[in-house]
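Trainee: Sequence and computational prediction follow.
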Amino acid sequence: MLRPQLFLATLIAAGGLTSSAQTNQAESKAPKFPSHPDFKPTPEVPAMPKALMKLPRTNITRAKFPAIDFHLHGRALRSAEDYQKMIKLMNETGLGVICNMDGGFGKVFDQNMKTGEPFRDRIIHFARLNWEGVNEPGWSERTAAELERCFRAGAQGLKIAKELGLEVKNRDGTYIQADDPRLDPVWEMCARYNKPVMIHLSDSIGRFLPIGPENERYEAGLWRSSPEGNYYHTGHPTHEVIEKARENMHAKHPKTRFVNAHMAMLYYDMDKVAALLDKFPNADVELSATVQDLGRAPRMIREFFLKYQDRILFGSDGNPSRGIEEFWVPHWRFLETFDEHFDHPAQLRSATGAPLHGRWRIYGIGLPDDVLRKVYYANALRYLPAVRPSIEKQLAAQH
């Protein structure tokens, strides 16, 4: 008769019990990406080929007028030296003022204001909500009170990221949307202090579609090694749900000015952008991270800019590390010239250098000076009176 220990070892070897090796084997068969169990990595796409055709190019190195970047991420602005480097880049490329969307909340906000104080004529900060405790009693009141304190301490607006609608959840696991009553005191506080809400809701349309060759974002190089950032069949809300909540938010708070980031993430259907602006007088849009798409249809987009010239703000969604020639000049070329078939300011690049949001080139829309002034700075100054003297000083220096 086998001893108990020998019997146990025999069972394990024969597969009668689950060994650690079998457990590891079972784990290896589990999907690596639970949200996309059928995802299979594919090779990275190569960099874009250089165009062989010789095309006319306008000599442009900086913005024609001092541009207010209504959407820049300044997480790297931590010291006076960081600010000085940023202002040097601004001077070189023609940025008049930047709005740092990463101003933070609470102690983080206070530290950013303290460090940035000597540079407040060029770099201003927006507060950014802390969602911690959103399901706890009193969160709305505490958050609105802290936002008021930030406004009094110098915050020039409020930034809302796409985590609202796509990440922040209720206790039951459902996603909190922009029309949630808990946010009403926040929107009303912005109206009370006449501060803009720079709001990014939803995401690129391709992120809501299946991963595969028919999705142009996949073709451009996204989701080759990981499906992260794709929401198709993951349990996330559809873009229609998020867009409907945005409309409800605009309707409920007519005195609050909402600047909708990235053309309200509707750049793929400009009729929808027009409908949003026509329906809600308290809605504006900014153009960051959409140039790569808008520049594909220059005649249509130029007509849109001319019609809605009072409702469009310049933004880049950039950061201080972006190169002038690669990132900033294509923005100016798109807005100021009729140049054709040039590289867009890629927001993201793969390890191979492929532009992940569009494997194509774009065309300029050649805005007239009066419209260009509105997009670059005049429309933003409606919400940022504190930097008007700085912009006027820079304009005077051009003459």
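Mentor: That came through fine.
Trainee: how about the closest residue to Glu167 other than its chain neighbours, what does it touch?
Mentor: Once its chain neighbours are removed from consideration, Glu167 has its nearest residue in Tyr175; the separation is 7.5 Å (C-beta to C-beta, 6 or more residues apart in numbering). (Glycine included, C-beta is placed from N, CA and C.) Tyr175 makes contact with Gly165, Leu166, Glu167, Val168, Lys169, His236, Pro237 under the criterion C-beta atoms under 8 Å, 6 or more residues apart in numbering.
Trainee: since we're on the second one, how many residues are nearby?
Mentor: If I follow you right, that is Leu166. In terms of burial, Leu166 registers 22 neighbours under the definition other C-beta atoms under 10 Å.
Trainee: Look up how far Pro196 lies from the residue nearest in space to the middle of the chain.
Mentor: Using C-alpha atoms, centre = their mean, the residue of the chain that lies closest to the mean C-alpha position is Asp317, 5.7 Å off. Computed with C-beta to C-beta, to the nearest Å, the distance linking Asp317 and Pro196 is 16 Å.
Trainee: in the chain, which segments are predicted with low confidence?
Mentor: Applying pLDDT under 70 to the chain flags the ranges 1-30.
Trainee: and with 50 instead?
Mentor: Applying pLDDT under 50 to the predicted model, the residue ranges of the chain that meet it are 1-27.
Trainee: what ranges do the strands span in it?
Mentor: In the chain, the strands defined using DSSP state E lie at 67-72, 95-100, 123-125, 127-128, 158-160, 197-199, 258-260, 283-286, 312-313.
Trainee: for Leu77, phi and psi?
Mentor: Backbone torsions of Leu77, given as degrees, to the nearest 10, read phi -80, psi 90.
Trainee: if I look at it, how far off is Ile124?
Mentor: 11 Å.
Trainee: now swap in Cys150 and tell me
Mentor: Counting by C-beta to C-beta, the gap from Cys150 to Ile124 is 12 Å.
Trainee: Compare the two (neighbour count), which wins?
Mentor: When Cys150 and Ile124 are compared for neighbours, Cys150 comes out ahead with 27 against 23, by other C-beta under 10 Å.
Trainee: related to what we said a few turns ago, please tell me which one of the contacts of Tyr175 counts the most neighbours.
Mentor: Note: the member of those with the most neighbours is Gly165, at 25 neighbours, neighbours being other C-beta under 10 Å.
Trainee: Report the contact partners of the closest residue in space to that residue that isn't next to it in sequence.
Mentor: Distances taken as C-beta to C-beta, 6+ apart put Ile242 closest to Gly165, at 4.4 Å, once the chain neighbours are dropped. Ile242 makes contacts with Gly165, Leu166, Gln177, Ala178, Leu201, Ser202, as judged by C-beta under 8 Å, 6+ apart.
Trainee: Now do the contacts for the last one.
Mentor: It stands for Ser202. With contacts defined as C-beta under 8 Å, 6+ apart, the neighbours of Ser202 are Lys162, Gly165, Leu166, His239, Ile242, Glu243, Arg246, Ala264, Met265.
Trainee: what do you get for the fourth one?
Mentor: With contact taken as C-beta under 8 Å, 6+ apart, Ala178 is in contact with Ile160, Leu164, Gly165, Ile199, Leu201, Ile242, Ala245, Arg246, Asn248, Met249.
Trainee: And it, how far from Asp184?
Mentor: For Ala178, the distance to Asp184 (C-beta to C-beta) stands at 11 Å.
Trainee: try the fifth one
Mentor: According to C-beta to C-beta, Leu201 and Asp184 sit 16 Å apart.
Trainee: quick one: which of these two has more around it?
Mentor: In this comparison of Leu201 against Asp184, neighbours counted by other C-beta under 10 Å, the higher total goes to Leu201 at 24 against 16.
Trainee: Quick one: neighbours of the closest residue to Gly154 other than its chain neighbours, just the number.
Mentor: The spatial neighbour of Gly154 that comes closest, neighbours along the chain excluded (C-beta to C-beta, 6+ apart), is Met113 at 5.4 Å. By other C-beta under 10 Å, 19 other residues sit near Met113.
Trainee: Name the nearest residue to His236, sequence neighbours excluded.
Mentor: Nearest one to His236, counting by C-beta to C-beta, 6+ apart, is Leu166 at 5.9 Å.
Trainee: er, Arg388 I mean
Mentor: Once chain neighbours are set aside, the closest to Arg388 by C-beta to C-beta, 6+ apart is Leu381, at 5.4 Å.
Trainee: circling back: which one of the contacts of Ile242 is nearest to Arg120?
Mentor: For Arg120, the closest of the contacts of Ile242 turns out to be Leu201, at 28.8 Å, with distances computed as C-beta to C-beta.
Trainee: how far away is the closest one from Asn130?
Mentor: Between Leu201 and Asn130 the distance, using C-beta to C-beta, works out to 18 Å.
Trainee: For His125, which residues are in contact?
Mentor: Here His125 is in contact with Gly74, Cys99, Asn100, Gly103, Phe109, Asn112, Met113, Gly116, Gly154, Ala155, Gln156 (C-beta under 8 Å, 6+ apart).
Trainee: Sorry, wrong one. I was asking about Gly104.
Mentor: By C-beta under 8 Å, 6+ apart, Gly104 lies in contact with Gln111, Asn112, Ala127, Arg128.
Trainee: what about it, distance to Arg75?
Mentor: The span separating Gly104 from Arg75 equals 9 Å under the rule C-beta to C-beta.
Trainee: likewise Met90?
Mentor: Met90 sits at a distance of 17 Å from Arg75 (criterion: C-beta to C-beta).
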